[in-house]
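Asker: turn this into a model:
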Amino acid sequence: MIKEQERAELHRAIWQIAKTAPKHWDDEPFDAIVSNPPYSIRWEGDSNTLLINDPRFSPAGVLAQKDTREAIDIVKLNAEIKGIVARQNELRTGIDEIVADLEGSR
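Answerer: You can find the predicted model right below:
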């Protein structure tokens, strides 16, 4: 519970800072600030009911679904790469033999 309270307080403080219109050299406020979050951050999406009440997302009325990035099996991927490299080496050897035969027939 304390962690949620700390998070809520931090969120309120950040929102207070964020809602003030940023100024440019001509003192005109920007219409919008657009940025992408770091790709390492996992989006909780519609599984976090607190986000729908977040002033940044609530105007839309919906949230993007939870992060659905595909998990990668490294062992399987390495095995596939090993097979590709082996096949590539076979083809390279075959090409070298054909080139040697062609050069020898001159």
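Asker: for this structure, which helix or strand comes out least confident on mean pLDDT?
Answerer: helix 2-18 (a mean of 78; mean pLDDT, DSSP states H and E).
Asker: buried set for it?
Answerer: Buried residues in helix 2-18, counting neighbours by 16 or more other Cβ atoms under 10 Å, are absent. (Glycine included, C-beta is placed from N, CA and C.)
Asker: show me where the chain dips below the pLDDT cut-off.
Answerer: Applying pLDDT under 70 to the chain flags residues 1, 17-42, 67-70, 105-106.
Asker: at 80 instead, please
Answerer: 1-2, 13-52, 54-72, 105-106 (pLDDT under 80).
Asker: now do the domain split for it, please.
Answerer: 2-60, 70-106 (automatic domain parsing).
Asker: where do the helices of this structure begin and end?
Answerer: Counting by DSSP state H, the chain has helices at residues 2-18, 74-104.
Asker: right, and those helices - which one's nearest P59?
Answerer: helix 2-18 (14.0 Å; Cβ to Cβ).
Asker: run through who's touching that closest one.
Answerer: D54, P55 (Cβ atoms under 8 Å, 6 or more residues apart in numbering).
Asker: let's see 7 Å
Answerer: P55 (Cβ atoms under 7 Å, 6 or more residues apart in numbering).
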